[in-house]
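Asker: Sequence below, structure please.
(one chain, ligands or ions: 1)
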Amino acid sequence: MTEPLLSITGLSAVSDRENGAPILRDVSLRLERGEVRGLVGESGAGKSTIAKALLGILPRTVRVTGGAIRFEGQDLLTLKPKQLSDIMGSEISLIPQDPQTALNPGRRIEAQLTDGLRMRRGLSRQAAHDKALKLLEEVHIRDPERVLKAYPHELSGGMRQRVLIAAAFALEPKLVVADEPTTALDVTVQKQILRLIRGMQKTHGTGMIFVTHDLGVVAQICDTVTLLYAGKVIEEGPTAQVLAAPKHAYTKALLAAGPRYDRPTAGLEPVPQAIFDQLRAEMGIM
Ligand SMILES: Nc1ncnc2c1ncn2[C@@H]1O[C@H](COP(=O)(O)OP(=O)(O)OP(=O)(O)O)[C@@H](O)[C@H]1O
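Answerer: Numbers count the residues shown, from 1 in each chain. All right, here's what the predicted structure looks like:
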């Protein structure tokens, strides 16, 4: 088998904040080049911990107790800080959750979009400016010359998120980690942004890990999905297959629960307690 873009094997981690409570339990997943994999689960499932591990920003209070995260064959967990910082932002980038705080409020958009292009890709000022303009056009920003001169506070939330998407793809990374990138936006903007992310991902052929708690979002954007509960993989596979014929009772119950952005008026059927009891029994955590 050829080497996947990303392969997480047997990743386990505990929380030193909570007396060594397990956060990730033997998590494995693969991501091929150009594939979008949804990482889905309720709050506390461990999605953000996996995303942070991929970005090399695990908090000190999270301790990895086993496993590997191979990116193009290199285990990110064993790299030296310098090797890691060469990869981060360059080969692996992030579309963050909150467009309000992710941009530096004191710098114009142009500086924020071109720094990496100039310093890490060696582009001249003019070439970086041209590339930034092209990126803003790609994310459908009107009047990109004006936006390049703007400060973040002069832009709407949706515009800022478009800028951050442009920034995430600017250096042509091989892997983009999207961490609930539409949670902070209202529903109509959410749909446009999801479509945009998918479009950018396809055009650039980028692999993507898409963190969300929303199976409706998974249905719209992900080729494959890994469903987590309490740090354990409960189900995984091609999205169409998992959504049409879920194997696990928990997945079925989640599909029946809502609301989801794509059907906000559907009736709510909370996941029954018996299913959580069954899951926890299977995992040996009562
Ligand atoms: N900084 C930290 N130090 C130690 N433990 C942490 C830290 N952050 C989170 N945890 C623990 O890790 C577990 C998983 O949290 P994580 O944030 O990865 O879940 P999540 O699925 O991303 O949830 P959410 O959707 O709420 O972000 C939780 O039990 C949490 O208490």
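Asker: Could you list the paired strands of the strand or helix carrying Ala13 along with their orientation?
Answerer: According to DSSP states H and E, Ala13 maps onto strand 6-15. Counting by DSSP bridges, the strands paired with strand 6-15 are strand 21-31 (antiparallel), strand 62-71 (antiparallel).
Asker: Show residues contacting the next helix or strand after the last one.
Answerer: Put plainly, it is strand 62-71. Sequence order places strand 74-75 as the next helix or strand after strand 62-71, per DSSP H and E. Identification of contacts with strand 74-75 by Cβ atoms under 8 Å, 6 or more residues apart in numbering yields 68-69, 83. C-beta: built from backbone N, CA, C; applies to glycine.
Asker: go with 6 Å
Answerer: Ala68 (Cβ atoms under 6 Å, 6 or more residues apart in numbering).
Asker: what residues does this protein put near the ligand?
Answerer: Residues of the chain found near the ligand (Cβ under 6 Å from any ligand atom) are 15, 17-18, 23, 41, 43-49, 59, 61-62, 213.
Asker: per-residue pLDDT, Thr2?
Answerer: Per-residue pLDDT puts Thr2 at 81.
Asker: same thing with Leu268?
Answerer: For Leu268, pLDDT reads 55.
Asker: tell me how far the strand holding Ala13 is from the chain's mean position?
Answerer: Put simply, strand 6-15 sits 16 Å off its chain's centre (Cα atoms, centre = their mean, to the nearest Å).
Asker: ok, and for that strand, which residues are buried?
Answerer: 6-8, 11-15 (16 or more other Cβ atoms under 10 Å).
Asker: Export only the CA atoms of that strand, formatted as CSV.
Answerer: Extracted in CSV, the C-alpha atoms of strand 6-15 (Å, rounded to 0.1, in the frame of the first residue of the first chain):
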residue,chain,number,x,y,z
LEU,A,6,-1.5,11.2,7.1
SER,A,7,-1.7,8.2,9.3
ILE,A,8,-2.5,8.3,12.9
THR,A,9,-2.0,4.9,14.6
GLY,A,10,-2.9,3.9,18.1
LEU,A,11,-2.9,7.5,19.5
SER,A,12,-3.6,7.6,23.2
ALA,A,13,-3.4,10.6,25.5
VAL,A,14,-4.4,11.5,29.1
SER,A,15,-5.2,14.7,30.8
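Asker: So which residues make contact with it?
Answerer: By Cβ under 6 Å, 6+ apart, strand 6-15 touches 20-31, 62-71.
Asker: Can you turn the buried subset of those residues into a selection I can paste into ChimeraX?
Answerer: Remark: buried members of the contacts of strand 6-15, expressed as a ChimeraX selection using 16+ other Cβ under 10 Å:
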select :22,23,24,25,27,29,30,31,62,64,67,68,69,70,71
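Asker: What ranges does the stretch 151-286 of the chain have for its strands?
Answerer: Assigned by DSSP state E, counting those that start in this stretch, the stretch 151-286 of the chain shows strands spanning 175-179, 207-212, 224-229, 232-238.
Asker: related to what we said a few turns ago, how about the strands paired with strand 6-15 in CSV, adding mean pLDDT?
Answerer: Shown next, in CSV, are the strands paired with strand 6-15 (pLDDT from 0 to 100):
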stretch, mean pLDDT
strand 21-31, 97
strand 62-71, 97
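Asker: Now do the helix or strand bottoming out on mean pLDDT in the chain: distance to the chain's middle.
Answerer: Ranked by mean pLDDT, DSSP states H and E, the helix or strand of the chain with the weakest confidence is helix 99-102, at a mean of 78. Distance of helix 99-102 from its chain centroid, counting by Cα atoms, centre = their mean, is 15 Å.
Asker: can you check stretch 72-89 too?
Answerer: 18 Å.
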